[in-house]
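A.B. asks: Provide a 3D model corresponding to the input given below.
(one chain, ligands or ions: 3)
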Amino acid sequence: METHIKVPAQGEKITMQGGKLSVPNHPVIPFVEGDGTGADIWKASVRVLDAAVEVAYGGEKKIEWMEVYAGEKSTQVYGAGEWLPAETIKAFDEYLFGIKGPLTTPVGTGIRSINVALRQELDLYACVRPVQYFAGVPSPVKRPQDVDMVIFRENTEDIYAGIEYKAGTPEADKMRDFLMNEMGVTKIRFPNTSSFGIKPVSQEGTERLVRAAIQFALDNGRKSVAIVHKGNIMKFTEGGFRDWAYDLAKREFGGVEIDGGPWLQLPGGIVIKDVIADNFLQQILLRPTEYDVIATLNLNGDYVSDALAAQVGGIGIAPGANINYVSGHAIFEATHGTAPKYAGKDVINPSSVILSGEMMLRYMGWTEAADLILKGLDQTIQQRVVTYDFARNMEGATEVKTSQFADKIIENMRGAGA
Ligand SMILES: NC(=O)C1=CN([C@@H]2O[C@H](COP(=O)(O)OP(=O)(O)OC[C@H]3O[C@@H](n4cnc5c(N)ncnc54)[C@H](OP(=O)(O)O)[C@@H]3O)[C@@H](O)[C@H]2O)C=CC1
Ligand SMILES: O=C(O)CCC(=O)C(=O)O
Ligand SMILES: [Mg+2]
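C.D. replies: Numbering: from 1, shown residues only. Ligands and ions are numbered 1, 2, ... in the order given. Here you go, the predicted model:
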């Protein structure tokens, strides 16, 4: 395959050495612009990230960006059908880190998700999505400031494994016959018109995700880790997730049962608890202070991320990271999708990608630059200079374009950093 990636003339790779990240002063970091609104958001976000690094380190540190391709832009650059070129995966693999915009996935037909494929190819098993409130952001709840949670969503298993058979195909017929004839299944209500999906959930997959969530809680002085599952119905997959999580917390973190269990307390005081997913969705609205770090399966995590984001103002301000804590690989990306109706209009809120960049800088140890971004964003919102999504519910707002919002954050950072 022809190479389309231009490696920057300067810069070095981020590496993992002895289990620790080694970040040079001029790291090369691959990025994917993304489909739909991705280009508008990336153009604004990269300026904010670069300005934060420049203000924080006065030129001593600088990110050397390297564009790699996936999604629609990839099919334009590499040719039809090339949605996720091998050299893109290789670049993310070699350079360890990456940041990406959203990529389109058609519903019910066509290609499978490129976002999910990247997570699986690089084994980025933890999807980490912090949900925090920025003062002044319009919210549908009375006390959005009570929401301060970090979601750890299992990122490689569950029904996202993509093992599905469409009704009416020979594969679905074979699956149906296997289930009915060899497994003695009698409960398929309409066997001849059913599609089938398989939900693999493993002990290893559960343990590495829950380990990351508990370690995060310990490292960041959090109060509890809630295991969110639907184990009353899906006993061996979601119920297995819960049981393996509790077992791990006892075995590796010294968890002791509270009042005969199943809740546990770790030596430092962190509580490990579990909650059934539907109840969790009402509790985060009614009693958000009861929840802190969340460990959950892939599909639950997808739903919960958007629901919680809404409580603090919407997915326009919901960042995320896909991480393999063992290999060091990490791809940072917003929680939201391509929002295609706003593509090319320079109106969308870039905060989710900016905050994903903030997570990346913090993970790199560039905390001064990360802090500047938080300050700049916070100030901009306090000044009520916001994009359409916040402006529509904010009194006295000045509605600005994506690019102008980035300008204002940079202006505030430069003031804050001077
Ligand atoms: N990781 C990824 O790359 C993801 C990709 N996708 C893909 O994106 C495509 C579109 O998905 P869809 O379900 O419509 O969800 P989207 O997240 O793209 O958009 C849904 C709605 O959320 C609001 N929204 C989204 N992003 C922003 C933003 N940056 N600022 C302000 N508001 C925002 C808009 O609301 P309003 O209309 O009220 O203004 C928008 O119409 C699909 O192909 C899907 O598969 C989805 C999620 C993640
Ligand atoms: O891959 C996609 O298109 C959607 C993914 C998604 O919704 C998510 O990761 O939150
Ligand atoms: Mg989602």
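A.B. asks: burial measure for the residue in the stretch 201-350 of the chain positioned nearest to ligand 1, as a count.
C.D. replies: Distances between the stretch 201-350 of the chain and ligand 1 by C-beta to the nearest ligand atom are smallest at Gly337, namely 2.2 Å. Where C-beta positions appear, they are placed from N, C-alpha and C, glycine not excepted. Look at Gly337: counted by other C-beta atoms under 10 Å, it has 19 neighbours.
A.B. asks: helix or strand for Lys273, which one?
C.D. replies: strand 271-276 (DSSP states H and E).
A.B. asks: from memory the residue of the stretch 201-350 of the chain closest to ligand 1 sits against Pro102, does it?
C.D. replies: Yes. Contact criterion C-beta atoms under 8 Å: Gly337 and Pro102 qualify, at 4.7 Å.
A.B. asks: How about the contacts made by the residue of the stretch 201-350 of the chain closest to ligand 1?
C.D. replies: Gly36, Pro102, Thr104 (C-beta atoms under 8 Å, 6 or more residues apart in numbering).
A.B. asks: Ser139: what secondary structure?
C.D. replies: With DSSP: H, G, I helix; E, B strand; the rest coil as the basis, Ser139 sits in coil.
A.B. asks: Excluding sequence neighbours, find me the nearest residue to the residue nearest to the spatial centre of the chain.
C.D. replies: Nearest to the geometric centre of the chain sits Gly320, at 3.3 Å (C-alpha atoms, centre = their mean). In space, Gly320 comes closest to Arg129 once its chain neighbours are excluded; the distance is 4.3 Å by C-beta to C-beta, 6 or more residues apart in numbering.
A.B. asks: picking that back up, elements contacting the strand holding Lys273?
C.D. replies: Counting contacts by 3 or more C-beta pairs under 8 Å, 6 or more residues apart in numbering; DSSP states H and E, strand 271-276 packs against strand 224-229, helix 238-253, strand 264-265.
A.B. asks: got those as a markdown table, with distance to Ala406, mean neighbour count and mean pLDDT columns?
C.D. replies: Output for the helices and strands packed on strand 271-276, formatted as a markdown table (distance: least, C-beta to C-beta, whole Å; neighbours: other C-beta atoms under 10 Å; pLDDT from 0 to 100):
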| stretch | distance to Ala406 | mean neighbour count | mean pLDDT |
| --- | --- | --- | --- |
| strand 224-229 | 35 | 26 | 98 |
| helix 238-253 | 40 | 20 | 98 |
| strand 264-265 | 44 | 19 | 98 |
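A.B. asks: do you know which of those lies nearest ligand 2?
C.D. replies: Closest to ligand 2 of the helices and strands packed on strand 271-276, according to C-beta to the nearest ligand atom: strand 224-229, at 15.4 Å.
A.B. asks: ok, residues contacting the closest one?
C.D. replies: Against strand 224-229 from outside (C-beta under 8 Å, 6+ apart): 210, 213-214, 217, 238-239, 241-242, 245-246, 249, 270-277, 280, 290-297, 300, 304.
A.B. asks: mind running it again at 7 Å?
C.D. replies: By C-beta atoms under 7 Å, 6 or more residues apart in numbering, the residues outside strand 224-229 that reach it are 213-214, 217, 238-239, 241-242, 245, 270-277, 280, 291-297, 300, 304.
A.B. asks: picking that back up, among the contacts of Gly337, which are in reach of ligand 1?
C.D. replies: Among the contacts of Gly337, the residues that sit close to ligand 1 (C-beta under 6 Å from any ligand atom) are Pro102, Thr104.
A.B. asks: Most neighbours among the contacts of Gly337, please name it.
C.D. replies: Pro102 (26 neighbours).
A.B. asks: hang on, the earlier thing: selection in PyMOL covering whichever of the contacts of strand 224-229 are buried, please.
C.D. replies: Buried residues among the contacts of strand 224-229 (16 or more other C-beta atoms under 10 Å), as a PyMOL selection:
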select buried, resi 213+214+217+238+239+241+242+245+270+271+272+273+274+275+277+280+291+292+293+294+295+296+297+300+304
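A.B. asks: I'd like the helices and strands packed on strand 271-276 written out as JSON lines, with distance to ligand 2 added.
C.D. replies: Listed next are the helices and strands packed on strand 271-276 as JSON lines, based on distance: least, C-beta to the nearest ligand atom, whole Å:
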{"stretch": "strand 224-229", "distance to ligand 2": "15"}
{"stretch": "helix 238-253", "distance to ligand 2": "18"}
{"stretch": "strand 264-265", "distance to ligand 2": "29"}
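A.B. asks: And those: which comes nearest Leu49?
C.D. replies: strand 224-229 (30.4 Å; C-beta to C-beta).
A.B. asks: Break down the stretch 201-350 of the chain into its strands, ranges please.
C.D. replies: Ranges of strands in the stretch 201-350 of the chain, per DSSP state E, counting those that start in this stretch, are 224-229, 256-257, 264-265, 271-276, 293-296, 321-323, 330-333.
A.B. asks: Output these as CSV; include the columns distance to Glu395.
C.D. replies: Shown next, in CSV, are the strands of the stretch 201-350 of the chain (distance: least, C-beta to C-beta, whole Å):
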stretch, distance to Glu395
strand 224-229, 35
strand 256-257, 50
strand 264-265, 45
strand 271-276, 36
strand 293-296, 32
strand 321-323, 34
strand 330-333, 32
